[in-house]
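J.: Take this sequence and fold it.
(chains A and B)
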Amino acid sequence: MDANVAAQATATAFPWLSLITFLPLLGALALTSVPRVHETLLKGLALGWSIVVFLISLGVYTSFEKGNPDFQLTETHEWITSFGIKYAVGVDGISLFLVLLSTFLTPIILLGSWTAIEKRVKEFLICFLVLETAMIGALVALDIFLFYVFWELMLIPMYLLIGVWGGSNRIAATIKFFLMTAVGSLLMLVAIFYLYFKRPGDAPPSMLLSDYIGLDLTKTEQLWLFAAFALAFAIKVPMVPFHTWLPRAHTEAPTAGSVVLAGVLLKMGTYGFVRFAMPLFPEAVTEAIPYIAGLATFGIVYGALLALAQNDVKKLVAYSSVSHLGFVMLGLASLSVAGVQGGMLQMLNHGISTGALFLLVGVIYERRHTRQMADFGGITKVMPWFAVMFMVVTLSSIGLPGTNGFVGEFLVFVGAFTAKGDFDLRWHVAVAATGVILGAFYMLWMFQRVMFGPLTNEKNKTLKDLNLREWVVMLPLIVAIFVMGVKPQFMLERMEPSVEKFIAQVKSPKATTTTATTTGRGTIGSTASTTATGSGTRTTLPVPNLKNLGAPIKPVQVIKPNLPADDHAGHGHGPGEAH
Amino acid sequence: METNLPIHLIVFLPLLGAAINGLLGRRFSWTTITAIACMASLVPFILSVQAFFHMRETGAEVLRQVPLFTWFATGTFSVDLGFTIDRLTAIFCLNVTGIGFLIHMYSSAYMKEDEGYFKFMSYLNLFLFSMLMLIMGENLLLMFVGWEGVGLCSYLLIGFWYTDHANADAGKKAFITNRIGDFGFLLGMFFILYALNSQGLPMSLSFEDLQANAGQFSELATIIGLLLFVGAAGKSAQVPLYVWLPDAMAGPTPVSALIHAATMVTAGIYMVARMNFIYVQSPMAMTVVTAIGAITALFAATMGFAQNDIKKVLAYSTVSQLGYMFMGVGVGAYAAGLFHVITHAFFKACLFLGSGSVIHALHHEQDTRKMGGLLKKMPITGWTFALSTAAIAGLPLLSGFFSKDEILWKVFSNQTTLIPGWVFWLVGVAGAMCTAFYMVRVYALTFTGTYRGEPEEKHGHDAHGHDDHGHHHGGVKYDDIHESPWTMTLPLVVLAFGAVFGGLLGLPHWMPGHPTNQFDHWLEPVFGAAHGLKFLDNTSLELGLMAVSVGLAALSALVAWHMYAGKGKHLPGQIAERIRPVYTLVFNKYYVDELYAAVIVRPIKAFARFSWRVIDDGLIDGVLVNGPANLVHLTGRLVRLFTTGDVQRYAFFVLGGVWLLVVVWLAE
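T.: You can find the predicted model right below:
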């Protein structure tokens, strides 16, 4: 307990997370006071501002303590007291790199669409900065209500991005995107309310996520609630068959919209599974795993087949996302360290690679105002450096070793194949691995149709290679592709403890309870103890062996007088187990 | 054994060369590019030689250095980036860097005029890097990295003249076919990890650990072996995945020599040899490897009969020879299979470079029907080609004779495969007869007789596999044909020397004064697991069978010489006429490409289109997503009919309702 308070004292020393969450919003507010005629100034300000946010977010990385599975850099403030709703934020290994991905991609996108956005530039920039706040907020929120607010807040700027700056069919695409996402979200909201009222009557009101992990729910309740959460997230991921909004939204969205959609927004779905749906309802997860893994595997192959049939480059990339996100879900479904780590890595990889692909498609679209492969061919001749970058990103997308795509894919496969669970996912892996063949097929075929062959179309003969701005946009992504492919360890080692904790929460929920790093008032000890071993007499935690660990695991034992606390917090090991 | 030798440099110098030329080469002169690329292959060769002699002197079995870093690790899975040289690797290092350097040198002349010269040399360096990663990586995953890397380089180099769709198609075909193989490789690797994990062992793929835990794989040895072999069959172009290699001849000829003959395509044999401790546990897997090798050896050799493109003949020959190597490693005679890898590298690289020299001299003509009589004009090319032809045909005392006959004997005498060895032996001898025939044929058509390519003669444009990138096809006058420059002929001479004398590396036990085969002896520590395999020991039978196979091959060669260089020049046409259906079948390569297109590629594309249009847009989006939306829409329109705000209409509804109630009431 003391340790926890101390940890919190240091953690709240500098509000890193609030800073990066709200700085973009502040920037958006500041932009409103700049007259719209100064377009370049507006763009420059937004870009500079987002770079500052990125640099500050590096502070989050350096302050992040390796080896700690729990939430760090936490901040907790009362917000809506009567409902116990708090402003509680924090990062752990699972959210850390997604936050960094968001702050990393935002300036790249802003610079990338420097010339592509021609109307309502000011609104576009404001929209984008608001979106950044919403994304980061959703990733760091530790209060379910706060998460929901940010989650819904993301929808509005995204809706505008496609609806205002999109292509000719943008309205239909926007409506489909909005309605499908909203339907899922609303069901989730109902589920959240249900959860809120399921809390023991004598417990103080709270919406903190940590207060709901291990909540005593019957299996039927778990299944329904999980279904509601999972539907919201599955639509966002998107998992087949909830994916049909994605290609339409991508095709109509401006490049910036597509990049942020693929780069970060889709990850909100998979993140939602890891952060909320799976830890909250572990028993339901056990039931649902065959379906999740099945849909994920089906999505991998099915998405690849759809990509194969496309003639529009951007649509091809959109459908390939369906396939790639299937890998993430397969990794999560494996509930093994390697698989979940691979899935996490694959989220980041997809953000980088697919983001880069959309930017590259944007580069030729800006020049030719077409994305039909038939309109291209032989582009390598006139745009050699573009060809090099396109090739690197293509290879990353098909998971060539040395690029980022490989490590994630490989770990997902290893994790799923060797998982020691109730489910044998070996057949799933065998089927999913055919996606690797199909991936090479559609990507290289597309590459050939666009880049190789004779340069026959007159309009293509005068195309200019990448300009300085486009170089600056692409280089960080290319570097990231190689860095993450060659030395991914700096990410994996920071994610691993949190991933292990996640697996423990889902696999053996009775052995883990809440860790109260977010609140000094403590949490309710595992209400699950009613179904646990039944030894309700222990009131102190056998900590000595944990102390020896020296590891920054901060177990919190909160004893409720009438409920025997059976378990201790931490890594998911039994009480007497050292490590 | 830890070593101070800079073995990391062997791997990374070519990468450095590739990076420098690739990024900056556009601005460099020919000399600078050449110097960088050649140094990046020569220095690793020198270092490899040094490592080899170091191992010979000290008797060391392994040289290793501390891994550079942990590539990635999570849970109990961990993989390091580290390199080792054992005796198997040492031989491959010499082969790859040695022949690699010669081909860099050759390319500096062959590709000099190409505007993408810097790119070409950069890719060659990148290939060396990947290939060295493949053979020197200390674990199976690094081998896979190199494996994919060489596949990438192969893709880039086959499609080097990308403006022609045929070349780009060939590159793509190579990559995707190899990916099918990689699918097997990956699953094999997963089964290995599965076996380790289910025994509670850490998931380490380092060869040292795998060998130490070999016993854990006994139950899964067959499936692991077969899956890995799928990968090997892809990379080494075996039935049914060989189809990419003949098309790969679309790449510049030095590429065909280096990648598609001497080094990369032998990676599958290397892998089976490296994983010998798995294969020896499964007679089933060994039988399949041997059988596929035998089928390929004969099948591909027959396709060599009817090809007119000089490089295509060599390509099918390579596929066939790779089959022999798999027969060797399949029956557990690892050293024999690897010996053929080395001798084949000499004579086949020499043949390819020789064909390149001819193609270069004839301004990119590859059709043997347009050649002839070139020996007088290109004596060095011609004689080295002749010696290499003799070597591949198995002329006694040349390198190919020793290595091929060792394989044939081992296959015959093996006691392990589920199919008796003599069956494979018969197939192998038949293949050897075909080999002698088509090689003599291609030599005779190219170098003997009279020149048939005088420019007056109009000729058709063969769409396949030309070294064609915008050069004229007008043909070259016989008098204008010149021998290639020394940078091209020197590699030919060196390789021909190897083709002739390479057999000395592994003289068989029956040669006087050679009680043990030096090559076998050198590799013995690597194949400890194979010691239990049983082979017949009967030297007189061995020599007798050899006499049979050599005699049959010689007969076949003489017939070919008679038909193509001697008095029987009318015979080929007559025979082709007599067996027209068979000839057409062979000429069209048994229609295998057409079969694959009809059975696999087109159905997949059609199914993809169906999935998109019918399942996705029609069913999922049209019915499941838009259906509810349309229902809401329809309900709205329906209800709108009643809620018009028109009081009279409301009154009508009320009245109508009352009447309805009255009717119902009366009816009861």
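J.: Where does chain B get nearest to chain A, which residue?
T.: The nearest approach of chain B to chain A comes at B:Gly75, 3.4 Å away (Cβ to the nearest Cβ). For every residue, glycine as well, the C-beta is placed using N, CA and C.
J.: ok, residues contacting stretch B:151-158?
T.: A:395, A:400, A:444, B:120, B:123-124, B:126-127, B:130, B:167, B:170-172, B:174-175, B:178-179, B:182, B:235, B:247-248, B:250-252, B:255, B:259-260, B:264 (Cβ atoms under 8 Å, 6 or more residues apart in numbering or on different chains).
J.: average pLDDT for stretch A:220-229?
T.: Looking at stretch A:220-229 alone, the average pLDDT works out to 93.
J.: quick one: the strands in chain B?
T.: Secondary structure of chain B (DSSP state E): strands at B:62-64, B:69-74, B:77-81, B:84-86, B:203-204.
J.: how about these, which one is nearest B:Ser41?
T.: strand B:84-86 (17.3 Å; Cβ to Cβ).
J.: where does the chain have low pLDDT?
T.: Going with chain A. Residue ranges of chain A with pLDDT under 70: A:1-13, A:510-579.
J.: was after chain B, sorry
T.: B:1, B:456-474.
J.: what does the stretch 501-650 of chain B put close to chain A?
T.: Within reach of chain A by Cβ under 8 Å from any Cβ of the partner chain, the stretch 501-650 of chain B has these residues: B:604-605, B:607-609, B:611-613, B:616-617, B:620-621, B:624-625, B:629.
J.: Name the nearest residue to the closest residue to chain B within the stretch 101-250 of chain A, ignoring sequence neighbours.
T.: Distances between the stretch 101-250 of chain A and chain B by Cβ to the nearest Cβ are smallest at A:Thr244, namely 3.9 Å. Closest residue to A:Thr244 apart from its sequence neighbours, by Cβ to Cβ, 6 or more residues apart in numbering or on different chains: B:Asp621 at 3.9 Å.
J.: what's the distance between the one you found and A:Lys315?
T.: Separation of B:Asp621 from A:Lys315 (Cβ to Cβ, to the nearest Å) stands at 13 Å.
J.: Same check on A:Phe358?
T.: For A:Phe358, the distance to A:Lys315 - Cβ to Cβ - is 11 Å.
J.: Equivalent analysis for B:Tyr451, please.
T.: 55 Å.
J.: swap in B:Pro254?
T.: In terms of Cβ to Cβ, B:Pro254 sits 40 Å off from A:Lys315.
J.: Please apply the same query to A:Gly48.
T.: From A:Gly48 to A:Lys315 the distance is 34 Å (Cβ to Cβ).
J.: quick one: which of these two has more around it?
T.: Counted by other Cβ atoms under 10 Å in any protein chain shown, A:Gly48 and A:Lys315 do not tie: A:Lys315 has more neighbours, with 20 against 13.
J.: Could you export the helix or strand containing the more buried one as PDB, CA atoms only?
T.: Using DSSP states H and E, A:Lys315 falls within helix A:313-334. Extracted as PDB, the C-alpha positions of helix A:313-334 are listed here (Å, rounded to 0.1, in the frame of the first residue of the first chain):
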ATOM      1  CA  VAL A 313      -4.800   0.400 -55.600                       C
ATOM      2  CA  LYS A 314      -6.400   2.000 -52.600                       C
ATOM      3  CA  LYS A 315      -9.100  -0.500 -52.300                       C
ATOM      4  CA  LEU A 316      -6.500  -3.200 -52.500                       C
ATOM      5  CA  VAL A 317      -4.700  -1.700 -49.500                       C
ATOM      6  CA  ALA A 318      -8.000  -1.400 -47.700                       C
ATOM      7  CA  TYR A 319      -8.900  -5.000 -48.100                       C
ATOM      8  CA  SER A 320      -5.400  -6.100 -47.200                       C
ATOM      9  CA  SER A 321      -6.000  -4.300 -43.900                       C
ATOM     10  CA  VAL A 322      -8.800  -6.800 -43.200                       C
ATOM     11  CA  SER A 323      -6.400  -9.600 -43.800                       C
ATOM     12  CA  HIS A 324      -3.600  -8.000 -41.600                       C
ATOM     13  CA  LEU A 325      -5.900  -7.200 -38.700                       C
ATOM     14  CA  GLY A 326      -6.900 -10.900 -38.800                       C
ATOM     15  CA  PHE A 327      -3.300 -11.700 -37.800                       C
ATOM     16  CA  VAL A 328      -3.700  -9.400 -34.800                       C
ATOM     17  CA  MET A 329      -6.800 -11.100 -33.700                       C
ATOM     18  CA  LEU A 330      -5.400 -14.500 -34.200                       C
ATOM     19  CA  GLY A 331      -2.500 -13.500 -32.000                       C
ATOM     20  CA  LEU A 332      -4.800 -12.200 -29.300                       C
ATOM     21  CA  ALA A 333      -6.900 -15.300 -29.400                       C
ATOM     22  CA  SER A 334      -3.900 -17.500 -28.800                       C
END
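J.: Please state the offset of it from the chain centre?
T.: How far helix A:313-334 lies from its chain's middle: 13 Å, per Cα atoms, centre = their mean, to the nearest Å.
J.: ok, the helix or strand that it is followed by near chain B or not?
T.: Next in sequence after helix A:313-334, counting helices and strands by DSSP H and E, comes helix A:337-368. Yes - against chain B, helix A:337-368 shows contacts by Cβ under 8 Å from any Cβ at A:337-338, A:341.
J.: now, which of those residues sits nearest A:Leu187?
T.: A:Gln341 (29.8 Å).
J.: burial measure for the closest one, as a count.
T.: A:Gln341 has 31 nearby residues by other Cβ under 10 Å.
J.: Distance-wise, check the residue nearest to A:Ala288 when sequence neighbours are not counted relative to B:Leu128.
T.: Closest residue to A:Ala288 apart from its sequence neighbours, by Cβ to Cβ, 6+ apart: A:Phe226 at 6.3 Å. Per Cβ to Cβ, A:Phe226 is found 53 Å from B:Leu128.
J.: the more surrounded of the two?
T.: Shown here are A:Phe226 and B:Leu128; by other Cβ under 10 Å, B:Leu128 has more neighbours (32 against 23).
J.: Kindly report the residues of the stretch 301-450 of chain A close to chain B.
T.: Going by Cβ under 8 Å from any Cβ, the residues of the stretch 301-450 of chain A near chain B are A:302, A:305-306, A:308-310, A:336-338, A:341, A:378, A:380-381, A:395, A:400-402, A:406-407, A:410-411, A:413-415, A:417-418, A:420, A:426, A:429-430, A:433-434, A:436-437, A:440-441, A:444-445, A:448.
J.: picking up where we left off before, just send the residues of helix A:337-368 next to chain B back as a markdown table, with distance to B:Trp659 too.
T.: Conversion of the residues of helix A:337-368 next to chain B to a markdown table gives the following (distance: Cβ to Cβ, whole Å):
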| residue | distance to B:Trp659 |
| --- | --- |
| A:Val337 | 74 |
| A:Ala338 | 74 |
| A:Gln341 | 73 |
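J.: returning to what we had before: JSON lines for the strands of chain B, including distance to B:Val592 and mean neighbour count?
T.: Conversion of these to JSON lines gives the following (distance: least, Cβ to Cβ, whole Å; neighbours: other Cβ atoms under 10 Å in any protein chain shown):
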{"stretch": "strand B:62-64", "distance to B:Val592": "42", "mean neighbour count": "20"}
{"stretch": "strand B:69-74", "distance to B:Val592": "39", "mean neighbour count": "21"}
{"stretch": "strand B:77-81", "distance to B:Val592": "38", "mean neighbour count": "21"}
{"stretch": "strand B:84-86", "distance to B:Val592": "38", "mean neighbour count": "23"}
{"stretch": "strand B:203-204", "distance to B:Val592": "39", "mean neighbour count": "22"}
